[in-house]
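**Q** Any chance you could fold what I've pasted below:
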Amino acid sequence: MYYEVHRSAPKVLTRQMAGRYLAENVRIPKYMDIIANGAFQKRNVIQSVQFPSTLSRIGANAFYGCYFLRSVQLPEKLCELGMQAFADCQNLTTATLPASLPTLSRDVFKADRKLTSVSFYGDDGMRVIQPNAFCECTSLTDIALPDTVTEIGSRAFYRCKSLSSLHLPASIRKISVQAFYFCAFPELELPKSLEVLEDSAFFKCVNLAWIRLPENVRYIGK
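**A** Next up, the predicted model:
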């Protein structure tokens with residue numbers, strides 16, 4: 001005898017549904033698994049969002065341009081955070097993220113110019129910071145990346161002109177083109193794991209007076 005097991009489809013909060021939950025303080029229903037692409041894009045009434053612990057995915061542009069959004073704390077079970085999910089949120093000041101996210105997507109916090117604090121919690125698992133992830137986050141002062149990150153994408157911290165404290169984990173292998181262009185740290189010790197340092201990675205870091213390169217770097221760009 002055979003039994004067929006039916007799994008319920010993931011519950012998706014679409015842009016059409018999002019209007020039901022619009023408020024200054026948004027509470028995403030506990031039964032939602034996914035927030036769809038652009039669900040709350042440019043919904044300027046939003047100041048805070050409470051995410052359910054079971055949420056697994058936030059789509060691209062989900063909260064793009066939410067002008068008055070001030071802080072986000074993402075749930076530990078989140079496994080995908082889409083491109084530009086919180087980009088151009090002009091009053092976002094703090095972001096707390098699960099370190100288990102495999103990838104921090106392209107442009108995810110781009111141009112959040114009041115973002116001062118980014119922290120990670122939980123078990124480490126993040127591997128890649130994709131291009132432009134924190135591009136032009138001009139108020140960001142310090143960041144400590146999860147201990148599993150191996151690659152920092154191009155312009156990931158481009159023009160983060162207040163970034164004066166940076167912790168790079170011992171797992172880093174590649175720092176891409178202009179990754180830290182025009183940042184503010186005065187000194188920097190690159191981890192021994194680093195193998196590739198691409199063009200202009202620290203270009204225009206005018207405060208950088210001291211840097212230590214590991215012996216086993218096999219490529220240093222212009």
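**Q** In a helix, G19, correct?
**A** Yes: applying DSSP: H, G, I helix; E, B strand; the rest coil, one finds G19 inside a helix.
**Q** Skipping its backbone neighbours, what lies nearest V12 in space?
**A** Distance criterion CB to CB, 6 or more residues apart in numbering; nearest residue to V12, sequence neighbours excluded, is I34 at 4.5 Å. Backbone N, C-alpha and C define where each C-beta goes, glycine included.
**Q** Need phi/psi at I58.
**A** Per-residue torsions, I58: phi -120, psi 120 (degrees, to the nearest 10).
**Q** wait, isn't it in contact with K77?
**A** No: using CB atoms under 8 Å, I58 is not in contact with K77; the gap is 11.7 Å.
**Q** who has more neighbours, those two?
**A** I58 (30 against 15; other CB atoms under 10 Å).
**Q** residues in contact with the more buried one?
**A** Residues near I58 by CB atoms under 8 Å, 6 or more residues apart in numbering: I34, I35, L74, L78, E80, L81, G82, A85.
**Q** Count residues in the vicinity of the residue nearest to V12, would you?
**A** Neighbour number of I34 under other CB under 10 Å is 18.
**Q** Tell me if I'm right that it and K11 touch.
**A** Yes: counting by CB under 8 Å, I34 touches K11, with 7.1 Å between them.
**Q** which ones are touching the residue nearest to V12?
**A** I34 neighbours (CB under 8 Å, 6+ apart): P10, K11, V12, L13, L55, S56, R57, I58, G59.
**Q** Likewise for I35?
**A** Contact analysis of I35 by CB under 8 Å, 6+ apart lists V12, L13, I28, L55, R57, I58, G59, A62.
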